[in-house]
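1. Using only what follows, build the 3D model:
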Amino acid sequence: MRVKSFIASLIFLSLLSCTEQSKPIVKKPQWSSAHSVSYQQEINEREQIKIALFLEQHPELLMTKTETGLRYMIYKTNSNLDKALPGQKVKVALIIKLLDGSTCYTSIEEPEVFTVDKSDIESGLNEAVKLMSLGDKAKLILPSHLALGLVGDQDKIPPLAILYIDVELLEIK
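-> As a prediction, the model looks like this:
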């Protein structure tokens with residue numbers, strides 16, 4: 001009888017030890033569109049401060065700001081009135097830097113060709129090219145939402161990078 005009760009006790013204890021303790025349910029907060037808007041506004045405010053500090057350190061950059069947040073300065077103008085229009089192919093020479101001065105990419109040797117407003121090129125660069133005449137050279141500051149955004153290019157341009165670009169409009173087709 002003792003053996004049966006011992007075995008029954010072991011079985012009972014083993015069943016108790018195998019049961020999983022219930023964990024308290026923790027509700028994760030729901031992400032809403034309001035959170036997204038708030039987050040984007042915070043990013044934009046921080047970027048505006050960084051850009052303002054950069055421009056304060058470079059008083060020679062007399063930039064114009066567009067409604068989208070693009071800052072540009074055409075420093076070599078051409079009397080040519082030909083401006084790039086959406087759908088046209090343009091050839092540009094670029095030097096793309098971060099605000100800290102580090103160069104990410106350059107296309108001086110092999111200019112970049114893209115179709116205005118119909119390619120995956122940065123929206124800020126599309127906007128700037130439409131403001132330039134053939135032969136113009138400009139300096140641009142693209143906040144991250146006009147550049148490569150939240151992810152960067154996963155190579156030389158980090159996430160949420162503000163780009164400082166020197167561009168020359170070489171050709172319009």
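2. Regarding this protein, what is its longest helix?
-> In the chain, with assignment by DSSP state H, the single longest helix is helix 33-57.
3. Not counting it itself, show me its contacts.
-> For helix 33-57, the external contacting residues (CB atoms under 8 Å, 6 or more residues apart in numbering) are 61, 63, 69, 71, 99, 141, 143-145, 160, 162, 164. (Glycine included, C-beta is placed from N, CA and C.)
4. do stretch 61-77 as well
-> Contact with stretch 61-77 is made by 44, 48, 51, 55, 123-124, 127-128, 131-133, 135-143, 145-146, 168, as judged by CB under 8 Å, 6+ apart.
5. In strands, which of those residues fall?
-> Using DSSP state E, 137-142, 168 are the members of the contacts of stretch 61-77 that sit in strands.
6. returning to what we had before: quick one, which of the contacts of stretch 61-77 are buried?
-> 51, 55, 123-124, 127-128, 131-133, 135-143, 145-146, 168 (16 or more other CB atoms under 10 Å).
7. give me every residue that touches residue 131.
-> Here residue 131 is in contact with 72, 74, 83, 138 (criterion: CB under 8 Å, 6+ apart).
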